[in-house]
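Trainee: sequence first, then the predicted structure:
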Amino acid sequence: MESFTDKIKKDFEEAVALVPTWTRRPTDEEFLKLYGLFKQSKLGDNNNPKPGIFDYRQYKKWDAWNEYKGLNSNAAMLQYRKFVYSIKNRYK
(Lines give C-alpha, C1' and ligand atoms only; values in the text may rest on other atoms or scores of the structure.)
Protein backbone atom coordinates (compact mmCIF):
# COMPACT_ATOMS: atom_id res chain seq x y z
CA MET A 1 0.00 0.00 0.00
CA GLU A 2 1.32 3.40 -1.01
CA SER A 3 1.96 5.80 1.87
CA PHE A 4 0.82 9.42 1.79
CA THR A 5 4.42 10.59 1.44
CA ASP A 6 5.03 8.17 -1.44
CA LYS A 7 1.90 9.50 -3.17
CA ILE A 8 3.09 13.09 -2.77
CA LYS A 9 6.49 12.20 -4.24
CA LYS A 10 4.93 10.31 -7.14
CA ASP A 11 2.55 13.18 -7.96
CA PHE A 12 5.43 15.67 -7.68
CA GLU A 13 7.62 13.68 -10.07
CA GLU A 14 4.75 13.50 -12.57
CA ALA A 15 4.38 17.29 -12.40
CA VAL A 16 8.15 17.74 -12.82
CA ALA A 17 8.09 15.50 -15.91
CA LEU A 18 5.20 17.48 -17.39
CA VAL A 19 6.98 20.86 -17.48
CA PRO A 20 9.58 19.96 -20.19
CA THR A 21 6.76 18.82 -22.49
CA TRP A 22 5.28 22.31 -22.68
CA THR A 23 5.59 23.99 -26.06
CA ARG A 24 6.21 27.45 -24.57
CA ARG A 25 8.30 28.64 -21.66
CA PRO A 26 6.46 29.97 -18.60
CA THR A 27 6.81 33.65 -17.75
CA ASP A 28 9.87 34.62 -15.75
CA GLU A 29 7.72 34.98 -12.62
CA GLU A 30 6.20 31.51 -13.11
CA PHE A 31 9.57 29.99 -13.90
CA LEU A 32 11.07 31.42 -10.72
CA LYS A 33 8.19 30.08 -8.64
CA LEU A 34 8.66 26.62 -10.19
CA TYR A 35 12.40 26.86 -9.57
CA GLY A 36 12.02 27.92 -5.93
CA LEU A 37 9.48 25.23 -5.11
CA PHE A 38 11.49 22.56 -6.91
CA LYS A 39 14.69 23.43 -5.04
CA GLN A 40 12.85 23.58 -1.70
CA SER A 41 11.26 20.19 -2.44
CA LYS A 42 14.55 18.53 -3.32
CA LEU A 43 17.12 20.30 -1.14
CA GLY A 44 15.26 22.05 1.66
CA ASP A 45 16.23 25.50 2.88
CA ASN A 46 18.60 27.62 0.83
CA ASN A 47 21.79 28.00 2.85
CA ASN A 48 23.93 29.26 -0.01
CA PRO A 49 25.40 32.77 0.14
CA LYS A 50 23.33 35.33 -1.74
CA PRO A 51 24.88 36.16 -5.13
CA GLY A 52 25.78 39.73 -5.92
CA ILE A 53 23.28 41.91 -7.75
CA PHE A 54 25.57 41.97 -10.80
CA ASP A 55 24.84 38.26 -11.31
CA TYR A 56 21.18 39.12 -11.77
CA ARG A 57 19.97 35.72 -12.97
CA GLN A 58 21.52 33.82 -10.05
CA TYR A 59 20.37 36.56 -7.68
CA LYS A 60 16.73 36.13 -8.80
CA LYS A 61 16.95 32.33 -8.59
CA TRP A 62 18.43 32.56 -5.09
CA ASP A 63 15.57 34.86 -4.03
CA ALA A 64 12.97 32.52 -5.57
CA TRP A 65 14.30 29.56 -3.62
CA ASN A 66 14.80 31.51 -0.41
CA GLU A 67 11.16 32.63 -0.55
CA TYR A 68 10.16 29.11 0.55
CA LYS A 69 12.60 28.86 3.46
CA GLY A 70 11.08 26.86 6.30
CA LEU A 71 8.57 25.04 4.08
CA ASN A 72 8.95 21.29 4.51
CA SER A 73 9.64 19.08 1.51
CA ASN A 74 6.15 17.53 1.29
CA ALA A 75 4.43 20.92 1.45
CA ALA A 76 6.76 22.28 -1.24
CA MET A 77 6.04 19.26 -3.45
CA LEU A 78 2.30 19.75 -3.03
CA GLN A 79 2.56 23.46 -3.89
CA TYR A 80 4.74 22.71 -6.93
CA ARG A 81 2.25 20.16 -8.24
CA LYS A 82 -0.71 22.47 -7.64
CA PHE A 83 1.04 25.34 -9.42
CA VAL A 84 2.06 23.21 -12.44
CA TYR A 85 -1.51 22.03 -12.94
CA SER A 86 -2.87 25.56 -12.49
CA ILE A 87 -0.79 26.92 -15.41
CA LYS A 88 -0.27 23.88 -17.67
CA ASN A 89 -3.10 24.67 -20.12
CA ARG A 90 -1.34 27.89 -21.14
CA TYR A 91 1.83 26.06 -22.14
CA LYS A 92 0.89 22.65 -23.52
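Mentor: Okay, I see it.
Trainee: in stretch 12-23, what counts as buried?
Mentor: Using 16 or more other Cβ atoms under 10 Å as the test for burial, stretch 12-23 gives 12, 15-16, 19. The way it works is simple: take the backbone N, C-alpha and C, and place the C-beta from them, glycine included.
Trainee: equivalent analysis for stretch 64-72, please.
Mentor: 64-66, 68, 71.
Trainee: which of those sits closest to residue 88?
Mentor: Residue 88 has its nearest neighbour among these in residue 64, at 19.4 Å by Cβ to Cβ.
Trainee: elements contacting the helix or strand that closest one falls within?
Mentor: Per DSSP states H and E, residue 64 falls inside helix 56-66. Applying 3 or more Cβ pairs under 8 Å, 6 or more residues apart in numbering; DSSP states H and E, we find helix 56-66 packed against helix 28-43.
Trainee: contacts for the helix it packs on?
Mentor: 12, 16, 19, 25-26, 46, 60-61, 63-69, 71, 73, 76-77, 79-80, 83-84, 87 (Cβ atoms under 8 Å, 6 or more residues apart in numbering).
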